[in-house]
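*Asks:* Got a predicted structure plus its sequence, pasted below:
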Amino acid sequence: GSVEACNSFREFALLGDYSTSMVYYDGLKSQIDLFRSDVAEGKAREKWNGCYDQLKAEYDIVKDIASELACFKDPPGKPSKVYSNEAVQASSESRISPQSRADPPPIDRDVW
């Protein structure tokens, strides 16, 4: 049932089998949605909503890890399927302060 699906979702994620973990999550999500629709308003429904929110947060983490690992499958210098160059450029530019956009510091030849 639901407990076994939840345990499998988490176990496969811990073992690094993220795609299988996400399959178990999809099944578990369907079960929780069914439970939530059957439960009348009240504390029981709130508990199911809390359970769903917690599992959704865990799923988002697993999905992010799987996306990051997919980036490593591409050879260096090749645009990734997961991240476009424009998105990475925009993301890195938004984190750079205006002061750091100035000329880079000179390279110390003795160190390099």
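*Replies:* Sure thing, it's come through.
*Asks:* Sort out which residues of the host helix or strand of Asn49 are buried, please.
*Replies:* Element membership of Asn49, judged by DSSP states H and E, is helix 43-71. For helix 43-71, a neighbour-count test (16 or more other C-beta atoms under 10 Å) marks Trp48, Cys51, Tyr52, Leu55, Glu58, Tyr59, Val62, Ala66 as buried. All C-beta atoms are positioned from the backbone trio N, CA, C, and that covers glycine.
*Asks:* okay, now Ser30: neighbour count?
*Replies:* For Ser30, the count of nearby residues is 11 (other C-beta atoms under 10 Å).
*Asks:* which strands and helices sit next to the strand or helix carrying it?
*Replies:* Element membership for Ser30 (DSSP H and E) is helix 18-38. For helix 18-38, the contact count by 3 or more C-beta pairs under 8 Å, 6 or more residues apart in numbering; DSSP states H and E identifies helix 2-14, helix 43-71 as packing neighbours.
*Asks:* Find the residue closest to Arg10 in space, skipping its chain neighbours.
*Replies:* Nearest-residue entry for Arg10: Glu58, 7.2 Å, with adjacent residues in sequence omitted and distances by C-beta to C-beta, 6 or more residues apart in numbering.
*Asks:* contacting residues around the one you found?
*Replies:* Going by C-beta atoms under 8 Å, 6 or more residues apart in numbering, Glu58 touches Phe9, Arg10, Ala13.
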